[in-house]
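> Structure for this input, please:
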Amino acid sequence: MPKEALSILDQRTQATYEIPIHDGTIRAMDLRQIKTGPDDFGLMTYDPAFMNTASCRSSITFIDGDKGILRYRGYPIEQLAEKCTFLEVAYLILFGELPTEPQLKQWVAEITHHTMLHETTKKFLEGFRYDAHPMGMLASTVAALSTVYPEARNVLDPKVRALQIRRLIGKMPTIAAYTYRHSLGFPYVYPDNDLSYTENFMNMLWKMAEPKYQANPILARALDILFILHADHEQNCSANAMRAVGSSQADPFLSTAAACAALSGPLHGGANEEVLKMLDVIGSKDKIPAYMEKVKAGEFKLMGFGHRIYKNYDPRARIIKWAADKVFEVTGRNPKLDIALELERIALEDEYFVKRKLYPNVDFYSGIMYQAMGFKPEVFTVLFAIPRTVGWLAQWQEMVCDAEQKIARPRQVYTGQAARDVVPMEKRGVTATPTTA
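Numbers count the residues shown, from 1 in each chain. Predicted coordinates:
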């Protein structure tokens, strides 16, 4: 049986080193022994954007980007989206197994118990301008909860962690709904404990004068599926932010606020909003070929296509495409869908895009679906943050309980000035006058 090791010859010194291989990886610290002399710090790896660096061991989410596979705790995303509710999947992601019926009943009751916001938190929300972006409001309010629950700082206490996890999952839809109502100038709607997780969110969003809000079951189920698809996605930008901030033992509210900030960018959680903007720019199916030529020329980007991890069709995109058809049966067909379908058809047949493995990702259809359900584009990222809170908390808890993890502190390759002396003020900016022959 071949030895699980990597042999390295340092041609600078002709020294050879043997580096153990575990799970297809080598430890970066094992490279530190490779030196040119006693004063040498040792070899480091340089990996901008963590393109090929594993920062942790995780048992939560598995992705095979080449084959288009996504699993939570071993379960295919297709089966979970078909057979489970979001809170079932949340339980799975956090605790490793799908709940039994009594466990699910207790779990739902615990989450429901924590949907209310303290009245002072509502006052905090009221302080934002009428045109404040919902994502900025969400991140700020989640951070503010750190002051409401100061005991959350005791992150090493399992009971304290468990309570904050339930609080965050329960309160996230409430905060999200309140940011949306604030932007419209509508009064806030209290949670209704008789409703399911997604139905209650829709109630807090859209209830007006009716005594009891009745969510359309097809739309509620579609939203539940969307939440399942967005619950976790391995070590993405926001999960990495959650782990990095949490590694300092910051409380989960502040760590989640940092993850929200990471998610807010157009390259992460805001991508589906960018897809809608692209479809608006295209305008109609007959203008797609001209737009695609401009994409090839580098003038525009093809939003909603391609992924850092997936080099195949994003499995979540297939599920959303199916769920979108169900939504459109209720809401009517979104005219942008015809443009999107034609755009997808051309991209999957055009050699330029096929060669670059630019397949539709989860953002390509989710924005169209959200818009058809009545959501404004500026709230799309907030909708992403609600379910992803589950994944963030699972990643955070796993990190806190991992004995190998320390405070995140990447190395750098210094490219600045060498040591130099401070020049007196009167001599700064003075350059020597070149002499002429």
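
> per the record, what domains does the protein have?
5-50, 77-267+379-400, 271-372 (automatic domain parsing).

> Between the two ends of stretch 187-204, what distance do you get?
Using C-alpha to C-alpha, to the nearest Å, one end of stretch 187-204 lies 10 Å from the other.

> May I see the buried residues of that stretch?
189, 191-192, 195-204 (16 or more other C-beta atoms under 10 Å). Backbone N, C-alpha and C define where each C-beta goes, glycine included.

> got the domains of the chain as a markdown table, with mean pLDDT columns?
Shown next, in a markdown table, are those (pLDDT from 0 to 100):
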| stretch | mean pLDDT |
| --- | --- |
| domain 5-50 | 93 |
| domain 77-267+379-400 | 95 |
| domain 271-372 | 85 |
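
> Make CSV out of the ones you listed and add distance to residue 409.
CSV is the format used below for the domains of the chain (distance: least, C-beta to C-beta, whole Å):
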stretch, distance to residue 409
domain 5-50, 13
domain 77-267+379-400, 9
domain 271-372, 24
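
> Do a quick rundown of the strands in the stretch 51-200 of the chain.
61-64, 69-72, 75-76 (DSSP state E, counting those that start in this stretch).

> wait, which of the ones you listed is closest to residue 391?
Judged by C-beta to C-beta, the one of the strands of the stretch 51-200 of the chain that comes nearest to residue 391 is strand 61-64, at 7.4 Å.

> Looking at the buried residues of stretch 187-204, spot the one nearest residue 225.
For these, the nearest to residue 225 is residue 198 (9.4 Å; C-beta to C-beta).

> how far away is that closest one from residue 213?
With distances taken as C-beta to C-beta, to the nearest Å, residue 198 is found 12 Å from residue 213.

> Also residue 290?
As for residue 290, its distance to residue 213 is 45 Å (criterion: C-beta to C-beta).

> burial of residue 254, as a residue count?
20 (other C-beta atoms under 10 Å).

> is it fair to say it lies in a strand?
No - counting by DSSP: H, G, I helix; E, B strand; the rest coil, residue 254 falls outside a strand, being helix.

> Quick check: closest non-adjacent residue to it.
Distances taken as C-beta to C-beta, 6 or more residues apart in numbering place residue 146 nearest to residue 254, at 5.1 Å, with adjacent residues excluded.

> how close does that neighbour get to residue 132?
20 Å.

> For residue 36, give me its contacts.
10, 12-13 (C-beta atoms under 8 Å, 6 or more residues apart in numbering).

> one step back: just the strands of the stretch 51-200 of the chain: most buried one?
Across the strands of the stretch 51-200 of the chain, averaging neighbours per residue (mean count of other C-beta atoms under 10 Å) puts strand 69-72 on top, at a mean of 21.

> what packs against that one?
For strand 69-72, the packing partners by 3 or more C-beta pairs under 8 Å, 6 or more residues apart in numbering; DSSP states H and E come out as strand 61-64, helix 77-83, helix 86-95, helix 315-331.

> Other residues contacting the second one?
Outside of helix 77-83, the residues within contact range by C-beta under 8 Å, 6+ apart are 70-72, 89, 92, 225, 228-229, 315-316, 318-319.

> now, which of these sits nearest residue 277?
residue 316 (20.9 Å).

> So what's the residue count around that closest one?
For residue 316, the count of nearby residues is 27 (other C-beta under 10 Å).

> Look up how far residue 171 lies from it.
26 Å.

> hang on, the earlier thing: closest to residue 236 out of the strands of the stretch 51-200 of the chain?
strand 61-64 (9.6 Å).
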